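Peer 1: Got a predicted structure plus its sequence, pasted below:
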Amino acid sequence: MRRIYFLLFVFSVLPFAISCGSSGTVSPVISVSVSAGATSVVVGKTTQFTATVMGTTNTAVTWLVVGGAANGSISASGLYTAPAVVPNPALVNVTATSKADMAKSGSASITVTASSSNITVMVSPGTATVPDFGTKQFSAVVNGTSNAAVTWEVSGTPGGSLQFGFISSSGLFVAPGGVPTKSDGTGGSTTTTLKVTAVSQANSSASGSATVTVVPAGQGSQPVPVNLGTSGGNANDSSTSGNTITCCAGTLGSLVTRGGTQYILSNAHVLARSDIATIGDPIIQPGLVDANCNKSQAATVANLSQFYNLETGAAPKIDAAIAQVISGDVSTSGEIEYLGATADANGIPLPGAPHAGAGAAAAVNMAVAKSGRSTGLTCSTVFSTLTSTSVEYQKGCGTGTNFSVTYANQVDVAGGSFSAGGDSGSLIVSEGTADPVALLYAGSDADTVGNPISEVLNFFKSGSNSATFVGGAAHKVIGCTLPLKPASATLTAQAATASAEGLQRATAVRDVHAPELLAHPEVQAVGVGGSYDNPSEPAILFFVTKGQARTSIPLQVDGIRTRIVEGDLFSSRGSLTAAESASLEKSVPLPQMTYTISDSEFSRAKAVHTAHVDELMKQSGVQGVGIGSSVDSAGEAALVIFLVRGEPHDPIPAVIDGLRTRIRESSRFRAGFGDTQPKRGCSVPSTRKTQPISATGSGPKP
């Protein structure tokens, strides 16, 4: 297309060139215009400048504050910071110079003031609840100036962002596709509110804000037949202490069929109250958390039929229960909120059923999605499989004894925002085909954990009657591909942060072995930096030619991890310093959070996992061991070791039996401690992670 466009341009100007008698080429005229985000700014405060470059595809500019530091400073993105005192004169000029033509520039001015004026801004409505993917109109009234113009922000970002939603210049807010989350203070995640702010363009220190709560649509009381992926739980899942009633809820995950009878599938800690429920108990929609702790405000849609006993059940351990559907009260097609292959006229994903049948096995780097009570639709990738971990539970809702369950062969999904308290029981499906792959039940502030779906269905098999998912044909989960897709869909690796001492140690080792390391034909340079597989450790960096066959580059050198950086042609050669290495790395994209690994790599990792998982799980600070991908060497498998952040642990070797190790630090995995909410001085829903790994559903997060 670029070649076609260029030819069309040449032909279009050709008549002009001929008519003017010119034999040369016609060059576009480059121009630069600059606009300021406000007419004035208070000392020490910031405001945004914007440059518009015309006549070239290279729109990059170099910013400059005329007069130097005494007049303030400006970043590469045009964010101006006023000086600590009012300059003389107070009117400051800012210029932007085109990088395509240094002779072309534009400028704008702003007045630096000593303090805010009497300008006030009021935003209405002051509070709002908006469904994800939905819209809300806000307005701003500015007093104290004739300039009524404002700049709209969402959570501090002018115009908004993918994570928190966008807002137009007229105040129309478009909610994000996923419900924003934050730490719940106990190592888990909970949903959080947003701030929509209007900043006066007459004085950027004057602003007004509104508080916005983003919620999944349809999570309250639904008309029957209800869809799944919605709030629900056991009608008796509450406890009373004095004047406080604490109630719990999770997610009615999906619909399964066995012997011609349909059942709701969710967690045992959601439907069966962590082993203390009675068969036949009413299962309601919405759950008590969303019914003011009053079961009379909810509809009974099923009755508890069977559940895995978390404390005494035999291996393989699962956290699952089923409830027989009351005829007519649940969508018989198994539709789950947001899980459809199409969107409505407003761009909101429609409900859809998963791919019918027995589901599929999860694989490292598989794109997955889920729809749950608290965060709605979220999208991410599988971080590790065959994961062993320990999860902590509590009997009942908000009270009762704690106990732990040790699981094997679990599916770990990357991203603390993938789920939050109340999402327990959600069905995790493949993003590309909507095949069920895991049943969500626990998590930490970095990950979510689910039971592999094959083990769940196998438990509920009765004689010759297998349990299978009610659904339809395979389809994409369109919500994960929309412009407002949930933010968790974009995941990059955690930055490597090796200490200065560590880098010195890596440099010393590299220098001793430099000749042999540089002898590999694909290696252009050898440097030092941080490891992505263990961000607290240094690594020797191999800058290699992309696509060239690999020789036996070592996994470690004298105990120092190695990391592969691929590129076409690097600007430096030989042995590099840490600073030179960091500069050279900027020429290649940041690595992904996970990479696909081959069957042979998985088999190699599985053998190492089998040999060492038991001994590693016994070590202090270790809460899980699984199989994932290395980031230090894309395409290689890694033994993922999940550590509890802040707890002491034994040194983790860089390599075990020829397999790289990858460290994953987070809060403790937890389930069933966050889906609670008291009535009268009650608590908010919390459903998800905490010690060994907590369960979610009828209480806190997963």
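Peer 2: Happy to help now that I have it.
Peer 1: in the stretch 451-600 of the chain, what spans have low per-residue confidence?
Peer 2: 487-492, 494-495 (pLDDT under 70).
Peer 1: Okay, strands next: where are they in it?
Peer 2: 468-469, 523-530, 538-545, 556-557, 560-567, 574-575 (DSSP state E, counting those that start in this stretch).
Peer 1: all strands in the stretch 251-400 of the chain, in order from the N-terminus.
Peer 2: With DSSP E, counting those that start in this stretch applied, the stretch 251-400 of the chain shows strands at 254-258, 261-266, 282-285, 299-307, 321-325, 367-372, 376-394, listed in chain order.
Peer 1: quick one: terminal-to-terminal distance for stretch 250-258?
Peer 2: 23 Å (Cα to Cα, to the nearest Å).
Peer 1: Got the phi and psi for N294?
Peer 2: phi -130, psi 110 (degrees, to the nearest 10).
Peer 1: Okay, now the unreliable bits of the protein?
Peer 2: In the chain (pLDDT under 70), the answer is 1-28, 116-117, 184-188, 218-219, 487-492, 494-495, 673-702.
Peer 1: Let me see the domain layout of it.
Peer 2: 31-113, 120-215, 230-491+670-695, 500-585 (automatic domain parsing).
Peer 1: Just put the strands of the stretch 451-600 of the chain in JSON lines and tack on mean neighbour count and distance to E311.
Peer 2: Glycine gets a C-beta too; all of them are placed from N, C-alpha and C. Shown next, in JSON lines, are the strands of the stretch 451-600 of the chain (neighbours: other Cβ atoms under 10 Å; distance: least, Cβ to Cβ, whole Å):
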{"stretch": "strand 468-469", "mean neighbour count": "20", "distance to E311": "28"}
{"stretch": "strand 523-530", "mean neighbour count": "24", "distance to E311": "43"}
{"stretch": "strand 538-545", "mean neighbour count": "25", "distance to E311": "43"}
{"stretch": "strand 556-557", "mean neighbour count": "18", "distance to E311": "42"}
{"stretch": "strand 560-567", "mean neighbour count": "22", "distance to E311": "41"}
{"stretch": "strand 574-575", "mean neighbour count": "14", "distance to E311": "58"}
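Peer 1: Distance to N58 added to the ones you listed, as TSV?
Peer 2: Conversion of the strands of the stretch 451-600 of the chain to TSV gives the following (distance: least, Cβ to Cβ, whole Å):
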stretch	distance to N58
strand 468-469	52
strand 523-530	28
strand 538-545	27
strand 556-557	42
strand 560-567	23
strand 574-575	32
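Peer 1: wait, which of the ones you listed is closest to S115?
Peer 2: Set against S115 and scored by Cβ to Cβ, the strands of the stretch 451-600 of the chain come closest in strand 523-530, at 44.0 Å.
Peer 1: Identify all contacting residues around that closest one.
Peer 2: 495-498, 503, 506-507, 510, 514, 517-518, 537-545, 553, 563, 567, 569-570, 572-578, 580-582, 584-585 (Cβ atoms under 8 Å, 6 or more residues apart in numbering).
Peer 1: Report the distance from that strand to the chain centre.
Peer 2: Distance of strand 523-530 from the chain centroid (Cα atoms, centre = their mean, to the nearest Å) equals 30 Å.
Peer 1: ok, A611 - how many residues close by?
Peer 2: Residues lying near A611 (other Cβ atoms under 10 Å) number 11.
Peer 1: from now on call the first residue 11
Peer 2: Shifting the count to begin at 11 puts that one at A621.
Peer 1: Now for the residue lying closest to it once chain neighbours are set aside: which residues touch it?
Peer 2: Once flanking residues are discounted, A621 sits nearest to D667: 6.7 Å by Cβ to Cβ, 6 or more residues apart in numbering. Listed by Cβ under 8 Å, 6+ apart, the contact set of D667 reads 617-618, 621-622.
Peer 1: Can you name the two of those residues that sit furthest apart?
Peer 2: Greatest spacing in those, by Cβ to Cβ: A617 and H622 (9.8 Å).
Peer 1: higher neighbour count, the two?
Peer 2: H622 (17 against 13).
Peer 1: any idea how far E511 is from A549?
Peer 2: Look at E511 and A549: by Cβ to Cβ, to the nearest Å, they are 14 Å apart.
Peer 1: hmm, back to that, output the contacts of D667 in CSV, with secondary structure and distance to L494 appended to each entry.
Peer 2: Output for these, formatted as CSV (DSSP: H, G, I helix; E, B strand; the rest coil; distance: Cβ to Cβ, whole Å):
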residue, secondary structure, distance to L494
A617, helix, 43
V618, helix, 41
A621, helix, 45
H622, helix, 43
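Peer 1: ok, so of those residues, who is nearest T69?
Peer 2: Nearest member of the contacts of D667 to T69, counting by Cβ to Cβ, is V618, at 49.9 Å.
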